[in-house]
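> Give me a model of this one.
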Amino acid sequence: MGRPRVAVSEEFRMSLFFEDFNIGQEWTTRSRTITEADVVQFAGLTGDYTYLHVDAVKAAASPFGQRIAHGAMIFSYSVGLMTQLNVTEGTVLAFYGLDKLRFVKPTFLGDTITAHKRVVALEARGEGRGVVTYETTVTKQTGEVVLAYTDKVLVRARS
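Next up, the predicted model:
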C-alpha cells in the first residue's frame, strides 16, 4: 500500500509523473530552524508587525509567553521545504489548491520545523495531467504538530 516514508538527502532527486504517485506515499523534508532574522524579514515583506511576532516585551505578557513566528511564514517554509525535494521538478503544472489549513501550536524563534507529506487522493484531469492531493503536517523538534493542511498539485502524466 504505497511506498514507505522517505527522508530525502540533499543529493536525492526525483521527478514523478502523475502515474508514479500512490495513495499512502510519504515524504519528510529536511529541517529548518526559525530565526529572528526570518521573523523580521517576513514582517517587513508582508507588513505584518503584530506585536506577537516583533515585540518581545508585549509578547512576553501574551498567552504564549514569548514571540511566535508568523503562521503564514511557517506555511510558506513548508512549501519551500517540499519544493526542495524536487518530487515534481519538471512535472508540476500548478499549485491547485489548499484546504483545512490549521495553525495547531505556536512556532517559537529557535524552533526547528520539518514538513511531512502523504498522498491521500489522486484524480486524473483530462489527458496528460492529474491532481495529487497531500495531507501535510509541519512538526517542530518536540514532535508536536504546529501546522496541518491539505494541498493539491496539478502534475503532468506520462501519456
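
> for this structure, what are the low-confidence residue spans?
Along the chain, the parts satisfying pLDDT under 70 run over 1-14.

> Can you pull up the most central residue in it?
In the chain, the residue lying closest to the centroid (CA atoms, centre = their mean) is Ser78, at 2.3 Å.

> Now that residue: which helix or strand?
helix 71-83 (DSSP states H and E).

> tell me which residues in that helix are buried?
By 16 or more other CB atoms under 10 Å, the buried positions in helix 71-83 come out as Gly71, Met73, Ile74, Phe75, Tyr77, Ser78, Leu81, Met82. Bear in mind the C-beta positions are built from the backbone N, C-alpha and C, glycine included.

> Now the two most distant members of those residues.
Gly71 and Met82 (17.0 Å; CB to CB).

> Please enumerate the strands of this protein.
Secondary structure of the chain (DSSP state E): strands located at 6-7, 26-33, 92-103, 112-124, 129-140, 145-156.

> so can I have JSON lines of these showing mean neighbour count and distance to Asn86?
Shown next, in JSON lines, are those (neighbours: other CB atoms under 10 Å; distance: least, CB to CB, whole Å):
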{"stretch": "strand 6-7", "mean neighbour count": "12", "distance to Asn86": "12"}
{"stretch": "strand 26-33", "mean neighbour count": "17", "distance to Asn86": "11"}
{"stretch": "strand 92-103", "mean neighbour count": "13", "distance to Asn86": "10"}
{"stretch": "strand 112-124", "mean neighbour count": "17", "distance to Asn86": "13"}
{"stretch": "strand 129-140", "mean neighbour count": "20", "distance to Asn86": "15"}
{"stretch": "strand 145-156", "mean neighbour count": "19", "distance to Asn86": "13"}
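
> if I read this right, the residue nearest to the centre of the chain contacts Ala115, doesn't it?
Yes: the pair Ser78 / Ala115 is scored as a contact, 4.2 Å apart, by CB atoms under 8 Å.

> what is in contact with those two at once?
Thr29, Thr136, Val138 (CB atoms under 8 Å, 6 or more residues apart in numbering).
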